[in-house]
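S.K.: pasting the structure only:
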């Protein structure tokens with residue numbers, strides 16, 4: 001197993017970052033969908049706090065992930081048709097967009113609500129904007145639609161990986177598992 005990516009395969013760092021981010025993102029989406037329907041309670045407030053803390057963790061990790069991606073080569077996709085190569089690259093860059101936009105829009109919601117964001121008790125983030133009920137509502141809508149976009153993109157990504165594994169019978173999926 002290589003540490004860095006090669007022309008033929010992903011390295012262990014990329015694979016680990018991929019699966020850690022996948023688990024965090026899917027967990028955050030599930031938590032977000034669950035907690036928004038809860039009645040106001042101590043549990044809901046605790047879950048929102050965890051959602052914010054893990055959202056900031058995702059924002060930090062996506063910076064690490066982007067640095068690693070830009071400082072590493074990606075395995076060649078030359079065996080794929082041009083449209084699949086373009087689609088794969090577009091989906092991956094869409095993921096980066098979502099991984100930045102969702103935590104930032106969440107931070108903007110919290111700032112507009114004039115609520116603190118503690119990062120697991122280690123530090124508190126400053127508000128990005130002045131309190132505003134209108135902006136809180138606007139960024140709440142944006143955050144929600146970004147989450148739905150991320151869900152759709154994850155589904156597309158999974159379907160494409162399964163297509164490569166079961167229909168094309170190539171090593172695309174295997175390259176991200178081992």
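M.R.: Perfect, thanks for sending it. In this text the structure is predicted, and so the values were computed from the model without any measurement.

S.K.: how many residues are close by the closest residue to residue 9 other than its chain neighbours?
M.R.: Of all residues beyond its chain neighbours, the one nearest residue 9 is residue 175 (5.1 Å), with distances taken as CB to CB, 6 or more residues apart in numbering. Yep, even glycine has a C-beta here, placed from its N, CA and C like the rest. The burial count assigned to residue 175 is 16, neighbours taken as other CB atoms under 10 Å.

S.K.: quick check: residue 175 is in a helix.
M.R.: Yes: secondary structure assignment places residue 175 in a helix (DSSP: H, G, I helix; E, B strand; the rest coil).

S.K.: surely it meets residue 12?
M.R.: No: shown here, residue 175 and residue 12 do not form a contact pair, counting by CB atoms under 8 Å, at 11.9 Å.

S.K.: show me where this protein has its strands.
M.R.: Assigned by DSSP state E, the chain shows strands spanning 117-118, 124-125.

S.K.: in contact with the closest residue to residue 1 other than its chain neighbours, which residues?
M.R.: Residue nearest to residue 1 in three dimensions, not counting chain neighbours: residue 12, with 5.1 Å by CB to CB, 6+ apart. By CB atoms under 8 Å, 6 or more residues apart in numbering, the contact list for residue 12 reads 1, 2, 3.

S.K.: what's the spacing between the last one and residue 69?
M.R.: When distances are taken as CB to CB, to the nearest Å, residue 3 and residue 69 turn out to be 15 Å apart.
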